[in-house]
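>>> structure for the following, please:
(one chain, ligands or ions: 1)
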Amino acid sequence: MQTTEITMTWIDEVVRKMSNKMDWVSDKSQDKIPYTTLNGIHDDRSSSNPSGSDADGICWWTNGFWGGMLWQMYHATGESKYREYAERTENKLDEAFEQFYGLHHDVGFMWLPTSVANYKLTGNLQSRKRALLAAQLLAGRYNPVGEFIRAWNDLPEEDTRGWAIIDCMFNIPLLYWASEETGDPRFAQIATKHADTVMNSFVRPDGSVHHIVEFDPFHGGVVQTYGGQGYADGSSWTRGQTWGLYGFMMSYNHTGKVEYLYTAKRIAHYFMASIPEDGIVPVDFRQPMEPAYQDATAAAIAACGLIEIARAVDEGEKDMYLRTAIRLLKTLDEQSTDWSHDCDCFLQNGSAAYHHLQHHQSIIYGDYYFMEAILKLKDQDLYFW
Ligand code: GLY
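I've put the predicted structure just below:
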């Protein structure tokens, strides 16, 4: 990536701080699959089951990100301990296949950064098998009448048979990968059908996106929309915007379909125009002024997506995307990173959802996407999406 000398110095400094931190944190957390921190210490979703539900334990949707960070570090440094720890994480995830009922559409988030990353880097055939199994599970969630992939299993008081969510744009790359790997077009056909449905039913005219759209699972067609993890129906949950922004770039990278690039750009333009002057990304662009909840994870994912757009467009267009990505990352580095030994995560100020009680916490995908974005700026990222 073309950047100024001052920016290059800053990127190198962040890489140095990130490498130092990963060196000791990876030793300390090598037997865990963390989601967040409790009193600064990584929790562990690999065996504990905090709420008694499979989906919160080994099947928890974020369980691929720690492995993804370890593979990114192995790719960038060649240090064998990262590979060893990442493989340990991946082995633990086999228990999720065993549990099965706790699995959902987020198998892409779980096995792209682990098994697909491993297979790409080392050719491990066990990893290939795991990723193909996960792809079969994802393909099995496709509703051919509504042309969407079902997101979640039934919630306690909610019939979710017709629910699709914007986040799934990060899961369908597993289907593109499966078609590329096996030569069987069915996986990619399902992925493009789903992406087309999202393009037509989730993306609003102004470039913002819904979090949840409910389709009639028997006859197809939109039933209603929901605000999901954002402020309210019709609002604009920022992490959802970034799942769409970067997600459509992933579909473009796999298919070359320009409509996906244009859609990613449309969402990006909406996102860039909505960033507040101080550069701090809120949980929802349409939330009330107070409380000023922020979500650093959304800023990190947006930066990744914007850099990916900069990689795809003509020379004259790149700058706007790259400059915004760097501005977001610099703001995160200045205001939301902790490089000390006080916390096992380095990115702070993440918020899982607007209506959750807890805000401004460390969340593993914040660390993951901040790392991916910084490595992208050095052209040292491992792309497995
Ligand atoms: N994919 C769920 C979330 O972004 O919180």
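>>> spell out which parts of this structure neighbour the ligand.
Residues of the chain lying close to the ligand by CB under 6 Å from any ligand atom are 61, 167, 229, 239, 352. For the C-beta atoms, the positions are set from N, CA and C on the backbone; glycine is no exception.
>>> which one (most neighbours) among these?
Using other CB atoms under 10 Å as the neighbour criterion, residue 239 leads those with 29 neighbours.
>>> now the strand or helix carrying that residue: average pLDDT?
In the assignment (DSSP states H and E), residue 239 maps to helix 238-255. Averaging pLDDT along helix 238-255 gives 98.
>>> distance from the chain centre to it, please.
Its chain's C-alpha centre and that of helix 238-255 lie 9 Å apart, by CA atoms, centre = their mean, to the nearest Å.
>>> ok and the residue in this protein nearest the ligand?
Residue of the chain nearest the ligand, by CB to the nearest ligand atom: residue 167 (3.8 Å).
>>> dump the residue contacts of the nearest residue to that residue once chain neighbours are set aside.
With sequence-adjacent residues excluded and distances taken as CB to CB, 6 or more residues apart in numbering, residue 167 is closest to residue 243, at 4.7 Å. Residue 243 is in contact with 166, 167, 169, 170, 301, counting by CB atoms under 8 Å, 6 or more residues apart in numbering.
>>> what does residue 237 give?
With CB under 8 Å, 6+ apart, residue 237 has these contacts: 211, 227, 228, 229, 230, 231, 283, 284, 353, 354.
>>> JSON lines for the residues you listed, including secondary structure?
As requested, the contacts of residue 237 are exported to JSON lines (DSSP: H, G, I helix; E, B strand; the rest coil):
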{"residue": "211", "secondary structure": "coil"}
{"residue": "227", "secondary structure": "coil"}
{"residue": "228", "secondary structure": "coil"}
{"residue": "229", "secondary structure": "coil"}
{"residue": "230", "secondary structure": "coil"}
{"residue": "231", "secondary structure": "coil"}
{"residue": "283", "secondary structure": "coil"}
{"residue": "284", "secondary structure": "strand"}
{"residue": "353", "secondary structure": "coil"}
{"residue": "354", "secondary structure": "coil"}
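>>> among those residues, which one has the most neighbours?
Highest count within the contacts of residue 237 by other CB under 10 Å belongs to residue 283, 28 neighbours.
>>> how much space between it and residue 289?
Relative to residue 289, residue 283 is positioned 13 Å away (CB to CB, to the nearest Å).
>>> cool, residue 79 as well?
46 Å.
>>> what of residue 224?
Residue 224 sits 28 Å away from residue 289, going by CB to CB.
>>> quick one: which of these two has more around it?
Between residue 224 and residue 289, counted using other CB under 10 Å, the more crowded position is residue 224 (10 against 6).
>>> for the contacts of residue 243, which one is nearest residue 19?
Comparing the contacts of residue 243 against residue 19 with CB to CB picks out residue 301 as the nearest, at 21.6 Å.
>>> just give the nearest non-adjacent residue to that closest one, would you?
residue 242 is the one closest to residue 301 (CB to CB, 6+ apart), at 3.9 Å.
>>> surely that neighbour touches residue 270?
No. Judged on CB atoms under 8 Å, residue 242 makes no contact with residue 270 at a distance of 11.2 Å.
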